[in-house]
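K.L.:
make a model of this:
(chains A, B and C)
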Amino acid sequence: MGIKGMKKEEFRDNETLELLRESGTNVLLTTIDDVINWGRKNSLWPLTFATSCCGIEMMATGAPRHDFARFGMEVYRASPRQADVIVVAGTIVNKMAPVLKRLYDQMSEPKYVVAMGACAISGGPFFLNSYSVIKGVEHVIPVDVYVPGCPPRPEALLYGMLQLQRLIETESIKSRKRRNETHNSK
Amino acid sequence: MDKKQLGDFVKSLEPNAEVKEGKQYAEITIPPSGLHSLAKKLRESEEALFDYLISITGVDYGKELGATYHLNSTIHGHIIVIKVKTPDRENPVLDSVTDIWASAEFLEREVYDLLGIRFNNHPDLRRLFLDSSWGYPLRKDYVDDINIVTK
Amino acid sequence: MEEIVRDTIIGEQEEYVINMGPQHPSTHGVLRLVVSLKGEIVKNVQPHVGYIHRGIEKMCETITYPQIIHLTDRMDYFSANINNEAVALCVEKALEVEIPDRIKVIRTIVSELTRIQSHQLFWASFGMDLGGLTCFFYGLRDREKILDIFEETTGGRMINSYNCPGGLMYDIHPNFQKRTREFIKYFRKVLPEYDSILTGNVIFRERTAGIGHLSLQDAISFGITGPTGRASGFSCDIRKHEPYSAYDRVKFNEVLYNEGDTYHRYLARVEEMRESMNIIDQLIDNIPEGPFAVKMKPVIKLPEGEYFQRVETARGELDVFIISDGNKNPYRIKFRSPNFVNLGVLNHVSRDFKIADLVAISGSLDLVIPDIDR
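P.N.:
This next block holds a predicted model:
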């Protein structure tokens, strides 16, 4: 039941990731890449950033029933300089957007962004006829993983974080090619 | 006091008030100049003793702008509704009741922010949710072509 | 030499302004507090809000009445069912629709479960704010049991648009009564354990007793309702003064204290959890039979006029004020939210306390920021 019982091989439902993974480089760099990626993906430290209801489901993911400490993510850092990943949980409004951009800029590389919930993906239930909601956090910062739901169940957020871990596994220190490297965010 | 008695009582305090008996509560419409004195009398008179201001709602009636005050008395238990309207849309001004009920400070700031009605003698009238260059969204003639879809 | 050194210590003689938030672990959302300090004593707190202002009231003028239910869920998300009940009751009052008993009883039971769930989260986050991380884990562990009950019946854990104009969206699940009874039995055993962790703890007492005193006159003048106001002696429970749904047929006490400090605001909520369990006990065994929804017209149009409905959420009094001009969209809808008015007292109550006490006071006011900004 749930993610606990799935074998790693059964998890392959994302062809692009598998392709990226199998087109490797030479042996020495591959081993160093593997070690570094293993270290990075198993200890992602999130930033405490929760604006509205999805923030509570994120807190519930850290609660005893669906624990994400077992994936290495329990250390929440309040300061962006010490965090690896920012989980944007909640609606982003015009007044909050410069704050979010400033937080993202203060994080140091490598940094990842997870857009959690319908509001962060595209404005959610406030898409139509709201004068101050930004329709998707993609307009402000580049996003790596989208987790749909309103609010997404804790298991869905865990699945999204595991997808992020698989994305990190495919990186290489030689050429850190991110999906949206050419994003110019204003 | 029930709806009828409240209506008569307010008429005795302020002769140019229009009293209407709504389905739930007695609704009083007064001109903006009489707001502060009526509010003070309602707070202090023994029969009424309205000491709890429930809410202030800013409304755009189309040609006029106004505010609706819901008042409650914790001792007697009755509720009354007071409405004020001002026909000036460029520079609407009402009197503030912050010196009578302290909860009016934030409630009036919200009305100023969303509708543009200024309040005299407010201790700290600033915009609350939006920044200073935004228009007044809750007005009916607020135009925003990008975000708001009008059918 | 010593005079020179003494005069250059900043913060002691002048006021020094710091900024807490909007991204801050202890502000329970995106609240920005600009605090002026003299040394460590707080002189002035100015809250800046609007970082989650989504314009719900303007949006509601373009959608129909059943669609408003889904937006009210997301205002104060810990009392989602009670917010839905407020809009549903206002529309039913305007249309003068008679609601059968079964719907009233189920609405009351679900509202009381929502209230317990909200106070559990208050207990968890208040303990965490003051440093006791154990409370976070215990509180959220038991809250999951209520969320399981909700998920089986309504489909959603926290955001469940269950009440709608005319009744309920679906009938209750066959397991609802059994699981609720089991939960009440379990929680009555566990609640004394919560008491013994925080209530008797000497560090907790020192940090909260006598801090942030709010007198009865100020509570009425500032309009503070909910457990915050009742801890100062303001009897403002709408369930007692203007009963709605099935509250007129159950017996329960209104929890009132006189002291009005942080410690009693905390105690008021723990006592309210017990009273909620008593209410559910009286109703859960005899849910009357009947339909779960009254047949309404496909397009709901309210007659012209103004309608006002007051309900008691977990944080205070929520009022829905609808001005209708006969169309299927409201002309103006206003939500008088309890958190917006409760925020007004933060400056008054935290004068001359230290900055660590400010965290305790704002935690005990139990603010949910999306409800302030709507």
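
K.L.:
C-alpha only now, for contacts and for neighbours.
P.N.:
Noted.

K.L.:
quick check, B:T57 in a strand?
P.N.:
Yes: using DSSP: H, G, I helix; E, B strand; the rest coil, the secondary structure at B:T57 is a strand.

K.L.:
so what sits opposite it in the bridge?
P.N.:
Applying DSSP bridges to B:T57 gives these bridge partners: B:T68.

K.L.:
ok, it - contacts?
P.N.:
For B:T57, the contact set (C-alpha atoms under 8 Å, 6 or more residues apart in numbering or on different chains) comprises B:A67, B:T68, B:Y69, B:V111, C:K334.

K.L.:
quick check, nearest of these to chain A?
P.N.:
Nearest to chain A among the contacts of B:T57: C:K334, at 15.9 Å, using C-alpha to the nearest C-alpha.

K.L.:
mind pulling up the pLDDT for C:T262?
P.N.:
You'll see C:T262 listed with a pLDDT of 89.

K.L.:
quick one: neighbours of C:N81, just the number.
P.N.:
29 (other C-alpha atoms under 10 Å in any protein chain shown).

K.L.:
surely it meets C:R74?
P.N.:
No: taking contacts as C-alpha atoms under 8 Å, C:N81 lies outside contact range of C:R74: 10.4 Å.

K.L.:
can you show me the helices along the chain?
P.N.:
If you meant another chain, say so; for now it's chain A. Assigned by DSSP state H, chain A shows helices spanning A:15-22, A:27-41, A:53-61, A:97-106, A:118-122, A:154-169.

K.L.:
the intended chain is chain B.
P.N.:
Under DSSP H, chain B gives helices at B:3-13, B:35-44, B:104-115.

K.L.:
next: the stretch 151-300 of chain C.
P.N.:
Remark: helices assigned in the stretch 151-300 of chain C by DSSP state H, counting those that start in this stretch are C:176-194, C:202-208, C:216-222, C:226-230, C:238-241, C:262-284.

K.L.:
deepest of those helices, which one?
P.N.:
helix C:226-230 (a mean of 29; mean count of other C-alpha atoms under 10 Å in any protein chain shown).

K.L.:
say whether chain B is contacted by that helix.
P.N.:
No: using C-alpha under 8 Å from any C-alpha of the partner chain, we find that helix C:226-230 stays clear of chain B, coming within 12.3 Å at best.

K.L.:
dump that helix to PDB, restricted to CA.
P.N.:
Written as PDB, here are the backbone C-alpha positions of helix C:226-230 (Å, rounded to 0.1, in the frame of the first residue of the first chain):
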ATOM      1  CA  GLY C 226     -14.500  33.600  20.000                       C
ATOM      2  CA  PRO C 227     -12.400  31.900  22.700                       C
ATOM      3  CA  THR C 228     -10.200  35.000  22.800                       C
ATOM      4  CA  GLY C 229     -13.100  37.200  23.900                       C
ATOM      5  CA  ARG C 230     -14.700  34.600  26.200                       C
END
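
K.L.:
ok, and what's touching that helix?
P.N.:
C:219, C:235-237, C:255-257, C:260, C:265, C:268-269, C:312-317, C:338, C:364-365.

K.L.:
in chain B, where is pLDDT below threshold?
P.N.:
Filtered on pLDDT under 70, chain B yields the residue ranges B:149-151.

K.L.:
residue ranges for the strands of it, please.
P.N.:
All strands of chain B, identified by DSSP state E, fall at B:18-21, B:26-30, B:52-60, B:65-72, B:79-86, B:93-95, B:118-120.

K.L.:
just say which of the ones you listed is most tucked in.
P.N.:
strand B:52-60 (a mean of 23).

K.L.:
what angle separates that one from helix B:104-115?
P.N.:
For strand B:52-60 against helix B:104-115, the angle by axes from the mean of the first three to the mean of the last three C-alpha atoms, to 10 degrees is 10 degrees.

K.L.:
contact partners for the residue of the stretch 1-150 of chain C found nearest chain B?
P.N.:
For the stretch 1-150 of chain C, the residue closest to chain B is C:G50, as judged by C-alpha to the nearest C-alpha, at 3.9 Å. For C:G50, the contact set (C-alpha under 8 Å, 6+ apart) comprises A:K95, B:L128, B:F129, B:L130, C:D373.

K.L.:
so where's chain A uncertain?
P.N.:
Within chain A, the set of residues satisfying pLDDT under 70 comprises A:1-30, A:172-186.

K.L.:
near chain C, which residues of it?
P.N.:
Proximity of chain A to chain C, by C-alpha under 8 Å from any C-alpha, involves residues A:48-53, A:60, A:63-65, A:78, A:91-96, A:125-126, A:129-133, A:151.
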